[in-house]
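> sequence? don't have it. structure:
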């Protein structure tokens, strides 16, 4: 379902190549049905919340509707996060209420306009990413402090009283307020809170249907109906005529105070909106099938959109605008597919503000206060507290929260950032170094960051290990400066010179920053990934070592470092059996590490390796059915869904095919390489086009044969009965792959259908994730040239 509006355009060339004076043609602007339904769901949440937030700030209630409409239409159209919904946010309630108390409503609107201009400036300077450098503990602490302030203030309205301007005053007045309850207001508030809590928990099919209507709308609507039916005397929403609505005026007040107010609004609006945009990307990535066409958020553009919305909202007498988490989550979960849902929700708010005034004026203020109080309580998230505690940043969170509650948002955030910096410096400078004996091996553990401040303790502890004793040095940290590095390296050179063995590992045994010197630069598995380079030939490195030293060392490292992490997964695979999705047939070359180039793990690939990644034809005279047996087992028993043949650059088997003259003794290697002769013949055929590698010709004949061999072995695969049967059924795919060892670059092979070449010799460029050098492309933009391509 979609709604389409025809539009005229005359400035585009026609298919015939005519210019702007060609006859106009019509282009339809369509709104997807998913966007329409999502916009209604968001509108039903935004309407009561906008009124409630306006009530909590002490602003005219129309200001909440203005901000909701402007946030939806302006920020929705200009912003860089298509699915984020903007409007009056609970996180701005405390700040706005303080500004109205100090400067009045018209000056607050002017401050909102200036904050919007500041956001535009920040967006133009492209500094949006820097806002994400603020510690999450500070951000969540700020929101928690704002939530506590909102909840305490609205509690007075729930009880039938009037809140004070400061949290401390509200807490002091609470006993007196409890002694003077207003039963009608309290009953309506409790009804609202009860519905808010119970509505999402209705079980079964009835609950799934009921949750289609937002709990916020149901609770306020039910409270309104009960209050009207019972004839309760309560304060209700008052929406004066729009003709008397107050707009922004010139700012009045001390210059420093106004600057601080603008900075506060800018900070809170920007950080909340940018974090919301990042959260939207995470939500969308979890539902790729529903939001396939939604692009990732452009944070700088999002700042421009939020700034524009604040300028318009402030000028029209609305509250400050920011991205709102509750409405955004509802928008994503309702299945929105574009920014049209956000914009439509703003349109519905405008319609409601113009046509539903009599209905809105029936809403009791106690119901709105209860709704906003619930939102404030939810801003103190237990999940965030648990996460922050796990990362040992609860002090930063608590200090920021207390600062926001008892001072103000700007001062609280500043104190929180200062504490976060102090905690980081403390962690950087604090290092604990211990020494102990376990199973006859000395263990030296350095917990924390190794800087020059820790060098004396590090040196003293290392020299506790006697010469000739083996030692394991565990560096449980993420940073080592030059002074600590040199100290460790010099000690290691000295210790190993006396015949001792030194192993330097990181947390949980993972090696990090291992010093490598000319005196002992023996390669170990994976050391190239730590920029380790050997200066001497392998024979010289292994002098004085047993022949199996490297193998035993590698096995020991696996048992110590890797086995604890994979044991549970391997135990599951042992119980359930292997269920690989792919048969991966590649060369036995030691430089081709299948798990590394495919980012796969145990149980992912059924791997077959041989010299030259060859697939003998069924019934071929080879005396070796191992490849055919593996193919049959993978296809018939394991029921893999795809088979990949992977070749690589510099293949010795292909070089042998090219350089070995015919005749001569039939050694096992020469008999095996006969299965590669069809590839050699295919490459030499005059009626076949040569494959190309990412748009370029192969570097030499060996590389051309490596590419051609991948194609030929795919043809051999199709001749196997089990493969042919699964291909005919449509539940098996064949893929070709080429790994360039020198470039550490993988390429995928696809078949094309260019009429200038034989169909089985044409290869279209493959561009994974629709990206070419960081630029987004559509499928139609794929270059139509033959070849193996597509950097993976």
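Structure received. Predicted model, so just to flag it, every value in this text is computed and none were measured.
> What's the first helix or strand after the helix or strand hosting residue 655?
Assigning secondary structure by DSSP states H and E places residue 655 in helix 652-659. Remark: after helix 652-659, the chain's next helix or strand is helix 668-673, criterion DSSP H and E.
> relative to helix 652-659, how tilted is the helix or strand following that following helix?
Counting by DSSP H and E, the next helix or strand C-terminal to helix 668-673 is helix 677-684. Per axes from the mean of the first three to the mean of the last three C-alpha atoms, to 10 degrees, the angle that helix 677-684 makes with helix 652-659 is 60 degrees.
> I'd like the distance from the helix or strand following helix 677-684 to the chain centre, please.
Using DSSP H and E, the helix or strand that follows helix 677-684 in sequence is helix 701-718. Distance, stretch centre to chain centre, for helix 701-718: 38 Å (C-alpha atoms, centre = their mean, to the nearest Å).
> Helix, strand, or coil at residue 590?
coil (DSSP: H, G, I helix; E, B strand; the rest coil).
> Over to it: give its phi and psi.
phi -70, psi -20 (degrees, to the nearest 10).
> Burial check on it, number of neighbours?
Using other C-beta atoms under 10 Å, residue 590 is surrounded by 6 other residues. Where you see a C-beta, it was placed from the backbone N, CA and C, and this is true even at glycine.
> contacting residues for residue 178?
Applying C-beta atoms under 8 Å, 6 or more residues apart in numbering, we find residue 178 in contact with residue 159.
> again but with residue 104, I slipped
Residue 104 touches residue 252, counting by C-beta under 8 Å, 6+ apart.
> Could you rerun that using 7 Å?
Shown in contact with residue 104 (C-beta atoms under 7 Å, 6 or more residues apart in numbering): no residues.
> Could you report the distance from it to residue 186?
Per C-beta to C-beta, to the nearest Å, residue 104 is found 32 Å from residue 186.
> Same check on residue 346?
Taking C-beta to C-beta, one finds residue 346 at 35 Å from residue 186.
> residue boundaries of the helices in the stretch 151-300 of the chain?
For the stretch 151-300 of the chain, the helices defined by DSSP state H, counting those that start in this stretch occupy 167-179, 183-198, 204-210, 215-230, 255-285, 299-315.
> most neighbours per residue, which of those helices?
helix 299-315 (a mean of 26; mean count of other C-beta atoms under 10 Å).
> Just the residues contacting the very next helix or strand once past that helix, thanks.
With elements assigned by DSSP H and E, the helix or strand that comes after helix 299-315 is strand 322-323. For strand 322-323, contacts defined as C-beta under 7 Å, 6+ apart pick out 84, 86, 89, 91-92, 269, 272-273, 276-277, 306.
> Mind checking the pLDDT average for strand 322-323?
Here strand 322-323 scores 90 as its mean pLDDT.
> hmm, who's touching the following helix or strand past that strand?
Later in the chain than strand 322-323, the nearest helix or strand by DSSP H and E is helix 325-333. If you take C-beta under 7 Å, 6+ apart as the criterion, helix 325-333 is touched by 38, 41-42, 45-46, 83-85, 87, 214, 276, 279-280, 283-284, 341-342.
> what about helix 325-333, distance to the chain center?
Offset of helix 325-333 from its chain centre (C-alpha atoms, centre = their mean): 17 Å.
> Now do that helix against helix 215-230: the angle between them, please.
110 degrees.
> buried set for helix 325-333?
325-332 (16 or more other C-beta atoms under 10 Å).
> which of the residues you listed lies closest to residue 67?
Of all those, the one sitting nearest residue 67 is residue 327; the distance, using C-beta to C-beta, is 12.1 Å.
> That closest one - nearest residue in space that isn't next to it in sequence?
Of all residues not flanking residue 327 in the chain, residue 85 sits nearest, at 3.9 Å (C-beta to C-beta, 6 or more residues apart in numbering).
> got the contact list for that neighbour?
42, 72, 324, 327-328, 331, 342, 345.
> Repeat the analysis, applying 10 Å as the threshold.
With contact taken as C-beta atoms under 10 Å, 6 or more residues apart in numbering, residue 85 is in contact with 38-39, 42-43, 45-46, 68, 71-72, 75-76, 79, 276, 280, 323-332, 336, 341-342, 345-346.
> And the helices in the stretch 1-150 of the chain?
33-57, 61-70, 76-78, 93-103, 105-125, 136-158.
> For the longest one, the averaged confidence score.
Right, helix 33-57. The model assigns helix 33-57 a mean pLDDT of 85.
> Use 537 as the first number for this chain going forward.
Got it, first residue is 537 now, which makes that one helix 569-593.
> What residues of it count as buried?
570-575, 577-593.
> chain center to it: distance?
27 Å.
> Among the buried residues of helix 861-869, which one sits closest to residue 687?
Nearest member of those to residue 687, counting by C-beta to C-beta, is residue 862, at 15.6 Å.
> Please report how far the closest one lies from residue 752.
In terms of C-beta to C-beta, residue 862 sits 8 Å off from residue 752.
> what residues do the two have in common as contacts?
Common contacts of residue 862 and residue 752 (C-beta under 10 Å, 6+ apart): 581-582, 585, 911.
> Mind picking the two most distant members of those residues?
Maximum pairwise distance among the shared contacts of residue 862 and residue 752 (C-beta to C-beta): 12.4 Å, between 582 and 911.
> picking up where we left off before, contacts for the helix holding residue 1191?
By C-beta under 10 Å, 6+ apart, helix 1188-1195 touches 1123-1125, 1146-1150, 1183-1184, 1187, 1205-1206, 1208-1213, 1215-1216, 1219, 1236-1245.
> Okay, buried residues for it please.
1189-1190, 1193.
> May I see those residues arranged in JSON lines, with pLDDT and distance to residue 789 as well?
Listed next are these as JSON lines, based on pLDDT from 0 to 100; distance: C-beta to C-beta, whole Å:
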{"residue": "1189", "pLDDT": "92", "distance to residue 789": "82"}
{"residue": "1190", "pLDDT": "92", "distance to residue 789": "80"}
{"residue": "1193", "pLDDT": "89", "distance to residue 789": "85"}
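> Now distance to residue 801 too, for those, in TSV please.
Shown next, in TSV, are these (distance: C-beta to C-beta, whole Å):
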residue	distance to residue 801
1189	69
1190	67
1193	72
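> Kindly calculate the angle that the helix holding residue 1191 makes with helix 1237-1254.
Using the same axes, to 10 degrees: helix 1188-1195 against helix 1237-1254 is 110 degrees.
> so how far is helix 1188-1195 off the chain centroid?
45 Å.
> ok, back up a step: of the helices of the stretch 687-836 of the chain, which approaches residue 1093 most closely?
Across the helices of the stretch 687-836 of the chain, closest to residue 1093 is helix 791-821 (C-beta to C-beta), at 34.8 Å.
> what's that closest one packed up against?
strand 622-623, helix 629-639, helix 641-661, helix 672-694, helix 835-851, strand 858-859, helix 861-869, helix 945-965 (3 or more C-beta pairs under 10 Å, 6 or more residues apart in numbering; DSSP states H and E).
> Just say which of the ones you listed is most tucked in.
Using mean count of other C-beta under 10 Å, strand 622-623 ranks as the most buried of the helices and strands packed on helix 791-821, with a mean of 35.
> what touches both of residue 582 and residue 911?
Counting by C-beta under 10 Å, 6+ apart, the residues touching both residue 582 and residue 911 are 752, 862.
> Just list the residues touching the spatially most central residue of the chain, thanks.
The residue lying closest to the centre of the chain (C-alpha atoms, centre = their mean) is residue 818, at 5.0 Å. If you count contacts by C-beta under 10 Å, 6+ apart, residue 818 has them with residue 868.
> How about residue 888: what's its closest non-neighbour residue?
Counting by C-beta to C-beta, 6+ apart, residue 583 is the residue found nearest to residue 888 once chain neighbours are left out, at 6.0 Å.
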